[in-house]
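In: Fold the following, please.
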Amino acid sequence: MAPPCAALLLPALAALLAVPAAARAPPRSIAVVGAGLGGSAVSYFLQQHFGPQVQLDVYEQGGVGGRLATVTVNKQQYESRAASIHALSLHMQDFVKTLGLRQRREVLGKSAVFSGEHFVLEETDWYLLNLFRLWWHYGISFLRLQMWVEEVMEKFMRIYKYQAHGYAFSSLEELLHSLGGEAFVNMTRRSVAEALLEVGVTQRFVDDVIAAVLRSSYGQSVLVPAFAGAMSLAGAQGSTWAVEGGNKLVCSGLLKLTKANVIHGRVTGVSLHSSEGRALYQVHYTSSEGQGSAFYDMVVVTTALHPSRSNFSFQNFEPPIDNFPGTFQPSVTSVVHGYLNSSYFGFPDPKLFPFASILTTDTPALFFNAMDNICPVNVSAAFRRKQPQEAAVWRVLSQQPLDRQQLKTLFRSYYSVQVTEWQSHPHYDSAKSLPPIVLHENLFYLSGVEWLASSMEMIAVAAKNVALLAYNRWHQDLEKIDQKDLMHKVKTEL
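Out: Down below sits the predicted model:
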């Protein structure tokens with residue numbers, strides 16, 4: 001038996017031995033590649049966990065905000081790309097509240113689905129009439145869709161509890177499995193059409209409605225994986241909002257809040273070195289001042305590691321790190337200020353055209369995916385949506401730039417056209433494996449989450465996960481990484 005003094009000292013000694021990993025000094029410097037939503041959000045979360053003393057350098061070759069960009073028409077700004085945020089986007093809501101921003105006032109407008117010859121579905125001002133039309137055309141497919149999406153979202157929402165308790169995942173497969181088990185993992189390997197037909201949704205509903213939603217959100221067909229499809233359909237069903245003044249204000253606000261050092265330059269690569277027995281990363285970049293480099297304890301890459309999106313190399317890593325396979329969907333956004341040609345849609349009198357948003361079915365002859373009469377990013381109390389016979393600002397989504405004849409088909413006349421071409425979302429292919437999150441000891445890849453689903457909230461969730469993963473790995477808190485049966489663990493911690 002140990003002497004009394006030893007009996008008193010042993011618990012204290014055991015406690016001290018358990019502390020060193022958690023008491024490790026934080027990283028001195030962290031590099032974040034990209035100042036879009038992913039880069040700004042992960043910077044914010046990294047500072048939350050590691051503290052304000054960590055130097056944060058954010059590299060961006062374009063403007064802060066990335067895809068959350070605006071265009072100016074008649075001295076008013078309009079969202080050119082990602083515009084709406086789902087009501088259940090808890091991280092985005094928290095960003096807006098933390099930054100003192102406001103949700104933009106919603107300006108209601110009706111939607112319709114166009115086949116290229118006629119409208120196959122039209123929204124009215126009466127909710128019950130809309131339900132009746134859905135039932136008349138498609139039976140109970142709408143209810144079956146709603147139940148399927150709600151079941152997926154209920155499980156997906158577990159991520160917020162896990163993250164609130166500090167749990168992180170080292171791979172996208174682990175994240176999916178923790179939320180919905182093998183069923184969620186399988187949702188990345190089968191199409192949304194297959195999943196919906198299995199739960200009793202009719203083929204006609206898939207062809208008319210599901211296809212139209214996916215063409216509008218991803219510019220792709222009903223062959224996208226079921227998980228990506230579910231996230232898109234959840235956004236189409238629930239209420240959505242946007243940030244007053246533009247969604248990009250979230251990015252600039254988070255970077256300002258963290259006092260991150262934004263370096264305007266293009267990162268060309270990351271090379272691995274070592275110092276005092278630990279990994280050290282050298283970030284190489286080019287800017288208006290020439291070539292430069294800097295050393296960091298940790299690096300988070302938030303731009304897509306794909307040859308079509310970035311010319312990015314990794315040096316001195318074993319095994320080598322390469323760009324990941326897969327292709328990205330080309331997307332074109334045309335912001336047109338002009339008079340809609342309502343006759344093309346079957347309304348010779350433009351005053352009678354009732355729709356603010358037009359989605360399209362997967363018809364080969366159709367040259368656009370969707371178009372909507374958009375409101376400026378600042379909506380005053382006196383603002384009203386333009387009448388159909390007036391010149392309005394329309395956003396047209398397509399896979400190829402619209403030629404002169406196509407613009408004439410959609411508009412009687414127009415004052416201006418501003419075109420943005422971009423590699424928007426991954427071209428979803430259920431046969432491809434998901435990209436990794438951990439590239440090296442303290443080198444992380446955030447943007448791979450878009451191969452699960454692409455939305456502002458998915459990127460914010462991934463940013464929180466990477467920050468937690470980086471923190472837990474830095475402090476060797478392995479009990480907080482890839483834990484099984486997390487729902488039970490979280491309940492016992494409450």
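
In: Could I get the phi/psi values of residue 72?
Out: phi -110, psi 130 (degrees, to the nearest 10).

In: my guess is residue 429 contacts residue 326, does it?
Out: Yes - with contact defined as CB atoms under 8 Å, residue 429 and residue 326 form a contacting pair (6.9 Å). (C-beta placed from N, C-alpha, C; glycine too.)

In: Of these two, which one has the most company?
Out: Ranked by neighbour count (other CB atoms under 10 Å), residue 429 and residue 326 place residue 326 first, with 18 against 13.

In: Residue 305 is in contact with the more buried one, correct?
Out: No - using CB under 8 Å, residue 326 and residue 305 do not qualify as a contacting pair, with a distance of 10.1 Å.

In: Now do the strands for the stretch 251-400 of the chain: every range, in order, please.
Out: Taking DSSP state E, counting those that start in this stretch as the test, the strands found in the stretch 251-400 of the chain are 261-275, 278-287, 290-296, 298-301, 313-315, 328-340, 355-360, 370-373, 392-398.

In: send the alpha carbons of the first one over as CSV?
Out: Spelled out, it's strand 261-275. C-alpha atoms of strand 261-275 as CSV (Å, rounded to 0.1, in the frame of the first residue of the first chain):
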residue,chain,number,x,y,z
ASN,A,261,-4.6,39.5,-42.6
VAL,A,262,-5.9,39.3,-46.2
ILE,A,263,-3.1,38.8,-48.7
HIS,A,264,-4.2,39.6,-52.3
GLY,A,265,-2.4,36.9,-54.3
ARG,A,266,-2.8,33.6,-55.9
VAL,A,267,-1.4,30.6,-54.0
THR,A,268,0.6,28.4,-56.3
GLY,A,269,1.5,25.6,-53.9
VAL,A,270,2.4,24.3,-50.4
SER,A,271,5.6,22.6,-49.6
LEU,A,272,6.4,20.6,-46.5
HIS,A,273,9.3,21.3,-44.1
SER,A,274,10.1,20.4,-40.5
SER,A,275,11.2,22.4,-37.5
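
In: Count the neighbours of residue 299 for me.
Out: Using other CB under 10 Å, residue 299 is surrounded by 25 other residues.

In: Find the nearest non-adjacent residue to residue 379, please.
Out: Spatially, and ignoring its direct neighbours in sequence, residue 379 is nearest to residue 105 (4.7 Å; CB to CB, 6 or more residues apart in numbering).

In: separation between the one you found and residue 79?
Out: As judged by CB to CB, to the nearest Å, residue 105 and residue 79 stand 14 Å apart.

In: now swap in residue 270 and tell me
Out: Residue 270 is 32 Å from residue 79, by CB to CB.

In: circling back to that earlier point, helix, strand or coil for the residue nearest to residue 379?
Out: For residue 105, the assignment made with DSSP: H, G, I helix; E, B strand; the rest coil gives coil.

In: Hmm, residue 378 and it touching each other?
Out: No - here residue 105 does not reach residue 378: they are 9.7 Å apart, not a contact under CB under 8 Å.

In: quick one: low-confidence parts of this structure?
Out: For the chain, applying pLDDT under 70 flags the ranges 1-23, 82, 238, 308-310, 430-431, 494.

In: related to what we said a few turns ago, output the strands of the stretch 251-400 of the chain as a markdown table; include the columns distance to residue 183.
Out: Formatted as a markdown table, the strands of the stretch 251-400 of the chain follow (distance: least, CB to CB, whole Å):
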| stretch | distance to residue 183 |
| --- | --- |
| strand 261-275 | 36 |
| strand 278-287 | 37 |
| strand 290-296 | 39 |
| strand 298-301 | 30 |
| strand 313-315 | 35 |
| strand 328-340 | 26 |
| strand 355-360 | 29 |
| strand 370-373 | 30 |
| strand 392-398 | 32 |
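
In: among those, which is the most enclosed?
Out: Comparing the strands of the stretch 251-400 of the chain by mean neighbour count (mean count of other CB atoms under 10 Å), strand 298-301 ranks first with a mean of 26.

In: That concludes my questions; thank you for your assistance.
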